[in-house]
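Visitor: Structure for the following, please:
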Amino acid sequence: MRYAIAADGDQVAPHFGRCEHYVLVDITGGAEVAREDLLNPGHEPGLLPRLLNEEGVAFVVAGGAGPRAVSLLAELNIGVFFGASGAIDEIIARVASGELQPGESTCEH
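Guide: As a prediction, the model looks like this:
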């Protein structure tokens, strides 16, 4: 399963569309099997959900996102884990172990 974690440096970004980059991580059998970075190409409505869909992303992890992004992700069958914060490596460990739970978006749209 491929996850896209919105990141600012080595921390989870508070906003899905305005992060520096995305950490794309593949989790199989409870373990990280691949990781790559994808620079954020810019905050243009609709662009990021389509791009992540093309990259095979099944879930997005971020602090939050606006309602339009949430709707577009849902249309593409991309699940969301909002309310996330902290170090990317810690979030990946929680995803791999099944401990990461979806929360409320921290976005103030």
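
Visitor: ok, now how distant is residue 27 from residue 102?
Guide: Distance from residue 27 to residue 102, counting by CB to CB, to the nearest Å: 16 Å. C-beta here means a position set from N, CA and C on the backbone, and glycine is covered the same way.

Visitor: So between the two, which is more surrounded?
Guide: Taking neighbours as other CB atoms under 10 Å, residue 27 and residue 102 compare with residue 27 leading, 19 against 13.

Visitor: if I've got this straight, the more buried one is in a strand?
Guide: Yes: with DSSP: H, G, I helix; E, B strand; the rest coil as the criterion, residue 27 is located in a strand.

Visitor: and it, what pLDDT?
Guide: Here the pLDDT value assigned to residue 27 is 97.

Visitor: which residues does it form a beta bridge with?
Guide: With DSSP bridges as the criterion, residue 27 is bridged to residue 32.

Visitor: which stretches of this structure have low pLDDT?
Guide: Within the chain, the ranges that satisfy pLDDT under 70 run 107-109.

Visitor: which residue lies farthest from the center of the protein?
Guide: Ranked by distance from the centre of the chain (CA atoms, centre = their mean), the top residue is residue 29, with 19.6 Å.

Visitor: Check the gap between that one and residue 105 for me.
Guide: 30 Å.

Visitor: Can you show me the helices along the chain?
Guide: Along the chain, the segments classed as helices by DSSP state H run 47-54, 67-75, 88-97.

Visitor: Turn these into a markdown table, including distance to residue 9 and mean neighbour count.
Guide: Formatted as a markdown table, the helices of the chain follow (distance: least, CB to CB, whole Å; neighbours: other CB atoms under 10 Å):
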| stretch | distance to residue 9 | mean neighbour count |
| --- | --- | --- |
| helix 47-54 | 19 | 18 |
| helix 67-75 | 21 | 16 |
| helix 88-97 | 9 | 17 |
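
Visitor: among those helices, which is nearest residue 11?
Guide: With CB to CB, the closest approach to residue 11 among the helices of the chain belongs to helix 88-97: 6.8 Å.
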